[in-house]
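1. Take a look and give me a structure for this.
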Amino acid sequence: MITRIEIDGFKTFDNFELDLRPFTAVVGPNASGKSNLFDAIKFVSRLAQTDIREAMQELRGRPEELFRRTAATRSDRMAFAVEVLLEPRGMDPFGKSFELRTQRIRYELEIAIRTGPDRRLEGVYVHREHCLPIRRKEERGSTAWNSGTVRYGQQSKPFIATRSGSSEESHVIEIRQDGPGKRGRPLALSAREASRTGLSTVTTAEFPHLYALRTLLSSTQFLQIDPQASRRATDRLAPRRLLPDASNLATVLARLTEETRTEKRPDGLLSDVAADLASLIPSVAGLVVRDDPGDSEYSFALRLADSLSFSSRVISDGTLRLLALVTILNDPQHGGVLCWEEPENGVHEARIPALMELIRSAAGCTESPGAQTCFQILVNTHSPAVMSALRDCEVVASDIVSTLTPETQSRTSRTRMRSGVSSDSESGLARSVVEEICPEGDHPSA
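-> Below you'll find the predicted structure:
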């Protein structure tokens, strides 16, 4: 779970910081920075997996356009920091289990751009990377999660640190082995024009805290459901975790049935998926996964209250979007962070309060013997109907503020996001202020 994010020099963000709850809804009008926040989270997520250029290519705009620009200046660096709550135990791809001494981690990253004399782009590289444990005494009073069983370590040594040498060529990124079998000096990577993060190189539990952090960031899901793709039959060998466009929805539904069925509940969790969908669409009576042993694909159909069944080929786009969501919410493998833009699309306004309640009840941390699982859901919206279904503590209001620079007489704009009721107009707001930012009838396209 990401409990705090800080952004500087990326798109419309300037010295930006925001505490996040298990369920947070960012509301605001068109071009207020809502999608830019998700882009920042996606960029950090991809940087935990791949090199900078590939991560940038997955965002909107050319690489140089991702750096903050004003009428008078352009930033040549962007900085990010995330504070996270990690699950206390895990296992790497080679079956090695690990247990964390501390669940609270702060990860900082700075990306720089190099340009030639004519300001043309020559390269983008990691300028600084730092990761360290958060001690109990360092917790912020505004931290938005609450769990009495969080582990805090006593050690304050960083897991990753950038060490400066006598010249830029001698800068190194040091990665400290912190597992039970740790040995020798930290792993040192040259930071001279580093094209990827040190975190992205961690692939085993030899570095348990960094591996857990990388897993959390890289597993962040960004739902962009494509109804046309999600209605198709899917191959039995398709990924068994729902893809962002839900193109493997039938396979995931089949897995939920196979892995959770019992003698008393032959459909397993599929019946829970159908029940949640029926709470949003009352005419739904059941859900059927079609699994023909002679076929290489899965498909599904909806059964309605009048006993009629309709295959996925004719189910409405809005129904498919909701089915994909309730599938994720009921999947035992869900966890980490889920980002979803405009969840109200295709949903009747009368059903939005029920939709928000489903999301709210799914978010948070659950405890079980020997395990803790956290699931965070972040949404953005411009819908007054969604906003009215939210609790005040869940709302983050996004807008653009402009300031005049006396020296140059130029105006600079930046994204501001505020949550909660506070006397500080930069970070707090009342519900009436949110309603002014996202008024009734304001339905911009983004």
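2. Helices along the stretch 51-200 of the chain, start to end?
-> Listed from the start of the chain, the stretch 51-200 of the chain has helices (DSSP state H, counting those that start in this stretch) covering 52-57.
3. low-confidence ranges in it?
-> The model of the stretch 51-200 of the chain has pLDDT under 70 over residues 141-148, 165-170, 180-184.
4. Going along the chain, name the strands of it.
-> Counting by DSSP state E, counting those that start in this stretch, the stretch 51-200 of the chain forms strands over residues 77-85, 89-91, 97-99, 104-115, 121-133, 160-163, 172-175, 187-190, given from the N-terminal end onward.
5. which one of those strands lies closest to Ser311?
-> strand 89-91 (38.4 Å; C-beta to C-beta). All C-beta spots, glycine's among them, are computed from the backbone N, C-alpha and C.
6. So what are the sheet partners of that closest one and their directions?
-> According to DSSP bridges, strand 89-91 has the following sheet partners: strand 97-99 (antiparallel).
7. Please spell out which residues along the partner strand are buried.
-> For strand 97-99, a neighbour-count test (16 or more other C-beta atoms under 10 Å) marks Phe98 as buried.
8. what does that strand contact?
-> Contacting residues not belonging to strand 97-99 are listed as Pro88, Arg89, Gly90, Met91, Asp92, Gly179, Ala205, Pro208, Tyr211, Ala212 [C-beta atoms under 8 Å, 6 or more residues apart in numbering].
9. are any of these buried, and which?
-> The neighbour-count test (16+ other C-beta under 10 Å) marks Pro88, Gly90, Asp92, Gly179, Ala205, Pro208, Tyr211, Ala212 as buried among the contacts of strand 97-99.
10. Export those residues as CSV, with columns for distance to Asp331.
-> Listed next are these as CSV, based on distance: C-beta to C-beta, whole Å:
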residue, distance to Asp331
Pro88, 21
Gly90, 18
Asp92, 22
Gly179, 30
Ala205, 24
Pro208, 25
Tyr211, 23
Ala212, 20
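11. And for Ser419, the neighbour number?
-> Applying the criterion other C-beta atoms under 10 Å, we find 24 residues in the vicinity of Ser419.
12. Name the secondary structure element that contains Thr327.
-> Assigned by DSSP states H and E, Thr327 belongs to helix 317-330.
13. Using CSV, write down the CA coordinates of that helix.
-> What follows is helix 317-330, C-alpha atoms only, in CSV (Å, rounded to 0.1, in the frame of the first residue of the first chain):
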residue,chain,number,x,y,z
ASP,A,317,-20.3,-2.6,-22.2
GLY,A,318,-21.3,-1.1,-18.9
THR,A,319,-22.2,-4.6,-17.5
LEU,A,320,-18.8,-5.9,-18.6
ARG,A,321,-17.0,-3.1,-16.9
LEU,A,322,-18.8,-3.8,-13.6
LEU,A,323,-18.2,-7.6,-14.0
ALA,A,324,-14.4,-7.0,-14.4
LEU,A,325,-14.3,-4.8,-11.3
VAL,A,326,-16.3,-7.2,-9.0
THR,A,327,-14.1,-10.1,-10.3
ILE,A,328,-11.0,-8.2,-9.1
LEU,A,329,-12.6,-7.4,-5.8
ASN,A,330,-13.4,-11.1,-5.2
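14. And the following helix or strand past it, what does it pack against?
-> Heading C-terminal from helix 317-330, the first helix or strand you meet, by DSSP H and E, is strand 336-341. Contact here means 3 or more C-beta pairs under 8 Å, 6 or more residues apart in numbering; DSSP states H and E; on that basis strand 336-341 packs against helix 34-47, helix 208-218, strand 221-223, strand 371-381.
15. could these go into CSV alongside mean pLDDT?
-> Written out in CSV, the entries for the helices and strands packed on strand 336-341 read as follows (pLDDT from 0 to 100):
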stretch, mean pLDDT
helix 34-47, 96
helix 208-218, 96
strand 221-223, 93
strand 371-381, 88
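16. do you know which of these lies nearest Leu302?
-> Of the helices and strands packed on strand 336-341, nearest to Leu302 by C-beta to C-beta is strand 221-223, at 20.4 Å.
17. Show me what counts as buried in the following helix or strand past the closest one.
-> Per DSSP H and E, the first helix or strand lying C-terminal to strand 221-223 is helix 227-230. In terms of neighbour count (16+ other C-beta under 10 Å), helix 227-230 has its buried residues at Pro227, Ser230.
18. chain center to helix 227-230: distance?
-> For helix 227-230, the separation from the chain centroid amounts to 22 Å (computed by C-alpha atoms, centre = their mean, to the nearest Å).
19. Put the alpha carbons of stretch 25-33 into PDB.
-> Coordinates of each C-alpha in stretch 25-33 appear next as PDB, following Å, rounded to 0.1, in the frame of the first residue of the first chain:
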ATOM      1  CA  ALA A  25     -11.000   9.200  -4.700                       C
ATOM      2  CA  VAL A  26      -9.400  12.100  -6.600                       C
ATOM      3  CA  VAL A  27     -12.100  14.500  -7.900                       C
ATOM      4  CA  GLY A  28     -11.800  17.500 -10.100                       C
ATOM      5  CA  PRO A  29     -12.500  19.100 -13.500                       C
ATOM      6  CA  ASN A  30     -10.800  18.500 -16.800                       C
ATOM      7  CA  ALA A  31      -7.000  19.200 -17.000                       C
ATOM      8  CA  SER A  32      -6.700  19.500 -13.200                       C
ATOM      9  CA  GLY A  33      -3.900  16.800 -12.900                       C
END
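20. Buried residues, it. List them.
-> Along stretch 25-33, these residues count as buried under the neighbour rule (16+ other C-beta under 10 Å): Ala25, Val26, Val27, Gly28, Pro29, Ala31, Ser32, Gly33.
21. Let me know whether the fifth one touches His382 as I believe.
-> Going back to what we said before, that points to Pro29. Yes: using C-beta atoms under 8 Å, Pro29 and His382 qualify as a contacting pair, with a distance of 6.1 Å.
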